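Peer 1: Test case, fold it:
(2 chains)
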There are 2 protein chains.
Amino acid sequence: METYLYEQFLEVLGKEKISKSESELYRHSRDESSHPYVEPDFVYFPEGVEDIVKVLKIANEHKIPVTPYGAGSGLEGQAIPIHKGISMNFDNMKKIIEFYPEDLMITVEPGITRLQLNEFINKHGLYFPIDPGADASIGGMIANNASGTTAVRYGSMRDQILDLEVVLANGTVIHTGSKAKKSSSGYNLNGIMAGSEGTLGVITKATLKLHGIPEKVLAARCTFNTPGECAEAAQAVLSCGIQVLRMELVDAESIKQVNSYGGYAFPEEHSLFFEFAGTPNIVEEEASVVEELMKEFGCSNWERANTPKDRADLWKARHELAYSYKHIKGKASTGADACVPISKLAEMVVFGRTLLEESGLIGGVFGHVGDGNFHTMVMYDPNDPVEKAKAKYTDDQIAMKAIELGGSCTGEHGVGVGKMKYQLKEHGEAVELMKSIKLLFDPNGILNPGKIFI
Amino acid sequence: METYLYEQFLEVLGKEKISKSESELYRHSRDESSHPYVEPDFVYFPEGVEDIVKVLKIANEHKIPVTPYGAGSGLEGQAIPIHKGISMNFDNMKKIIEFYPEDLMITVEPGITRLQLNEFINKHGLYFPIDPGADASIGGMIANNASGTTAVRYGSMRDQILDLEVVLANGTVIHTGSKAKKSSSGYNLNGIMAGSEGTLGVITKATLKLHGIPEKVLAARCTFNTPGECAEAAQAVLSCGIQVLRMELVDAESIKQVNSYGGYAFPEEHSLFFEFAGTPNIVEEEASVVEELMKEFGCSNWERANTPKDRADLWKARHELAYSYKHIKGKASTGADACVPISKLAEMVVFGRTLLEESGLIGGVFGHVGDGNFHTMVMYDPNDPVEKAKAKYTDDQIAMKAIELGGSCTGEHGVGVGKMKYQLKEHGEAVELMKSIKLLFDPNGILNPGKIFI
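Peer 2: Here you go, the predicted structure:
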């Protein structure tokens, strides 16, 4: 960035809200993915919507890229300022603006993380159920349309949004919805902002749906001989209308990994993990119906847990899955995030498992089986180009296969820089329309450029 | 339309697919609303996506308006070809393209109605739960983001869409989604097509989520002294996480109307109607929890029904509500469709009731209380300008008040021509963005012109 421009930003934005320190530039050059690091020209810490209007007006005039940065927990490089410019950090925008407990609704700033949000509302008997694993920022979760283990019951982030305050590239502030739980008024801007990864506007406030904390949560687990049997059994649960809170598939290889990592003795077979939530009688009934169903489908090792402690123990193999791989020294990880029609899940899991075995790399397959969304975790030596290429090859093959089966290259991680190459294959002619929407919202291409579209 | 153009359409589209008969022109001049009738130049009955590409290419070249027509059951004039041109009727596009029972998913043409769809899938133990009352076409329901009494559990039409095949104004055919249950890939075109009322593209196929038919449905009813008490009690049900299938408010005046219409003796008080769905044990538990809760809130006349016959009888007052008003001779009806945060519902219901009383017109208040969506039904003599003005005044006041309370002028009926005047008040600066989206999708303004935006 040219000096006169940087000085203009300093003057208008205030030097106390700007950082060029080495550590901040480094922190904002990356996320949790292995995509190449790029440092921004500077990091900006806005404190409210007015600050964001200011920075966008100048950036838009001079065509300076602006890349929003939440908690840095993204997995596809969405927060990496690959064309440099300004990284916009929301650490100073974490306020709860208004809490409406009687409406099961809250308005927050985008920098607040999901655990911070839950810490505040849990005291009032409410919770925000979307759980992507990481303690991501709410703004980042909206921008990526994040979801995770509870999506089978609550849907994705898109489904939680009532209204967003958004600053457009030219500095105009709009609201994308209202406080009504449903509406048929105007075009659905909530939906298009969710998952737009900071490329269409900057989210400055979000009004979200909340839910009552279930009176009771009950966990259970069982095993099957093949991943395909797991997927079929999971399908049967959905068909009979049981509204599980979570339903997760973990393959035998991953259970072995967890056992060896933590010294556990979980049955080393393909497993389904369940959580049920509601009144004590409802969860009891749901668990019984599912137990009966699983046994009809030939499961083994059905086990259930009622107390929070037992539940945590029972789910350990699922919870520690990522760590059990990630602790392997000298290895980096990558992984697929495909989503397919549920009837194709068994085929995909076998496909993924076979690819992993052919590659000779360490890795596992696990998934949000109620949504047809599944992941691989593949470990490779980042300094070994052959291992790296093999790891990327598995990701690539899985994304392509998912699209061929009518599914999506990304169920919840987003496109970022890693999934750009699949957009045309997945969306066909619609990509041109999407690009023209991008151009309409951001004619100068300043909002998180270099993401989503090649 | 000029003769040479009409002849071009005849030649390209085939005269057997075109009608200018008086009865067809009349049928396509109107919907269920009281908005002024306008006849199209001709009615076109396409038989597939190729036919729609053909007509849009010529229409786009010559700037001829094209207005999709489903079942004609809309309530805001969406299907009225107010700038004349072509009315496109989907009676010959009702096919089930592909049925995926194991994925709880189906692909249909847009002309099929929701009852026709259910007739097909019910045999397989599945159902499509969205119930706006009328036997609307699926295409029309998507275009208006319809919902109704089951939205409290299943959401609106937007939430049911996996993928749409859409023909854009220039004849390009795109897909807006995939068969994956969730996705973070590309911009959310499913969402923006839902509720766009035929102004952004023509839906030619829809892939929708299905649900298992609940093993048991149980109905119940109780009464309260004020509409406010009904709303508060309904809020408590939501807060405790009970996933009711339906939860409806009907005010005392409307119960009286039903009693006098059908010779019933329902308690003439403000009433809440419930339906619970699931396994027998779950609905039993849910009904018991809600009964206890309602009694804590001071309800009277708690009554429940288990058999389909009893359930139908119990819900009669709700089901026959519209007819009980509409049978009044010499009267036309109009009504509000406001949606507000649930904590404001009591205030809105009292506001609506007061307006009705001040107007001196016959009418009732009822609502989908779990969503904060409520309707009035106001009867007036269409030949009496004073009555007509009074009726429209109540609609207007309710829409404005809903927006002032942070809500929406339309929860489920859509904008059409009737709610255009509230768009700026509800959406503010976002209206300009919406208009530019319209211009991007449809630069020649041929797709259902004169709707949504003034």
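
Peer 1: check contacts around the nearest residue to residue A:421 once chain neighbours are set aside.
Peer 2: Once flanking residues are discounted, residue A:421 sits nearest to residue A:454: 6.7 Å by C-beta to C-beta, 6 or more residues apart in numbering or on different chains. All C-beta atoms are positioned from the backbone trio N, CA, C, and that covers glycine. By C-beta atoms under 8 Å, 6 or more residues apart in numbering or on different chains, residue A:454 lies in contact with A:420-421, A:423-424.

Peer 1: hmm, 10 Å instead?
Peer 2: Residues in contact with residue A:454, defined by C-beta atoms under 10 Å, 6 or more residues apart in numbering or on different chains, are A:417, A:420-421, A:423-424, A:431, A:435.

Peer 1: Same check on residue A:408?
Peer 2: Residues in contact with residue A:408 (C-beta under 10 Å, 6+ apart) are A:337-340, A:372-373, A:399, A:402, A:419, A:422, A:426-427, B:177-186.

Peer 1: need the residues of the stretch 1-150 of chain A near chain B, please.
Peer 2: Residues of the stretch 1-150 of chain A lying close to chain B by C-beta under 10 Å from any C-beta of the partner chain are A:76, A:100-105, A:125-126, A:143-147.

Peer 1: Write the ChimeraX selection for whichever of the residues you listed are buried.
Peer 2: Typed into ChimeraX, the next command selects the buried ones out of those (criterion: 16 or more other C-beta atoms under 10 Å in any protein chain shown):
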select /A:76,100,103,104,105,126,143,144,145,146,147
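
Peer 1: need the contact list for residue A:82.
Peer 2: Contact analysis of residue A:82 by C-beta under 10 Å, 6+ apart lists A:29, A:35-38, A:40, A:65, A:67, A:416-417, A:448-451.

Peer 1: how about a cut-off of 8 Å?
Peer 2: Taking C-beta under 8 Å, 6+ apart as the test, what residue A:82 contacts is A:38, A:417, A:449-451.

Peer 1: same thing with residue A:267?
Peer 2: Going by C-beta under 8 Å, 6+ apart, residue A:267 touches A:223, A:255, A:300-301.

Peer 1: On the pLDDT front, check the residue nearest to residue A:421 for me.
Peer 2: For residue A:454, the pLDDT comes out at 90.

Peer 1: and it, how far is that from residue A:77?
Peer 2: Residue A:454 sits 14 Å away from residue A:77, taking C-beta to C-beta, to the nearest Å as the criterion.

Peer 1: Which residue lies nearest the spatial centre of chain A?
Peer 2: By C-alpha atoms, centre = their mean, chain A has its centre lying nearest to residue A:146, at 3.3 Å.

Peer 1: That residue: which element?
Peer 2: Per DSSP states H and E, residue A:146 falls between elements, in no helix or strand.

Peer 1: give me the residue from the stretch 151-300 of chain A nearest chain B.
Peer 2: residue A:191 (2.7 Å; C-beta to the nearest C-beta).

Peer 1: does that residue count as helix, strand or coil?
Peer 2: Following DSSP: H, G, I helix; E, B strand; the rest coil, residue A:191 is assigned to helix.

Peer 1: Count the residues that sit near it.
Peer 2: Residue A:191 has 25 neighbours, counted by other C-beta atoms under 10 Å in any protein chain shown.

Peer 1: show me the contacts for it.
Peer 2: Here residue A:191 is in contact with A:158, A:161, B:158, B:188, B:190-192 (criterion: C-beta under 8 Å, 6+ apart).

Peer 1: quick one: low-confidence ranges for the stretch 51-200 of chain A?
Peer 2: Scanning the stretch 51-200 of chain A for pLDDT under 70 picks out no residues.

Peer 1: ranges for the helices of it?
Peer 2: For the stretch 51-200 of chain A, the helices defined by DSSP state H, counting those that start in this stretch cover A:114-122, A:138-143, A:151-154, A:189-193.

Peer 1: And the contacts of the first one?
Peer 2: Contact partners of helix A:114-122, identified using C-beta under 8 Å, 6+ apart, comprise A:94, A:96, A:99, A:101, A:106, A:108, A:127-128, A:130-132, A:135-138, A:141, A:210, A:213.

Peer 1: looking at the helices of the stretch 51-200 of chain A, which is buried most?
Peer 2: Counting by mean count of other C-beta atoms under 10 Å in any protein chain shown, helix A:138-143 has the highest mean neighbour count of the helices of the stretch 51-200 of chain A, with a mean of 30.

Peer 1: what's in contact with that helix?
Peer 2: Applying C-beta under 8 Å, 6+ apart, the external contacts of helix A:138-143 come out as A:68, A:70-71, A:73-74, A:78-79, A:90, A:108-114, A:117, A:130, A:132, A:146, A:157, A:161, A:164, A:193-198, A:203, A:206, A:208, A:414.

Peer 1: Out of these, name the ones that lie in strands.
Peer 2: Among the contacts of helix A:138-143, the members falling in strands (DSSP state E) are A:68, A:108, A:161, A:164, A:203, A:206, A:208.

Peer 1: Around the second one, count how many other residues there are.
Peer 2: Number of residues near residue A:108 (other C-beta under 10 Å) recorded here: 25.

Peer 1: Packing partners of the longest helix seen in chain A?
Peer 2: When chain A is parsed with DSSP state H, its longest helix is helix A:385-404. Helices and strands touching helix A:385-404, by 3 or more C-beta pairs under 8 Å, 6 or more residues apart in numbering or on different chains; DSSP states H and E, are strand A:332-334, strand A:337-339, helix A:345-359, strand A:373-380, helix A:423-427.

Peer 1: what sits against residue A:251?
Peer 2: By C-beta under 8 Å, 6+ apart, the neighbours of residue A:251 are A:227, A:270-271, A:349, A:353, A:364-366.

Peer 1: what's the closest non-adjacent residue to residue A:353?
Peer 2: Nearest non-adjacent residue to residue A:353 (C-beta to C-beta, 6+ apart): residue A:365, at 5.5 Å.

Peer 1: Sheet partners, orientation included, of the helix or strand harbouring the one you found?
Peer 2: Using DSSP H and E, residue A:365 sits within strand A:363-368. According to DSSP bridges, strand A:363-368 has the following sheet partners: strand A:246-250 (antiparallel), strand A:373-380 (antiparallel).

Peer 1: re earlier: how far away is the residue nearest to residue A:421 from residue A:423?
Peer 2: For residue A:454 relative to residue A:423 (C-beta to C-beta), the value is 7 Å.

Peer 1: repeat for residue A:340
Peer 2: To residue A:423, residue A:340 is 17 Å away according to C-beta to C-beta.
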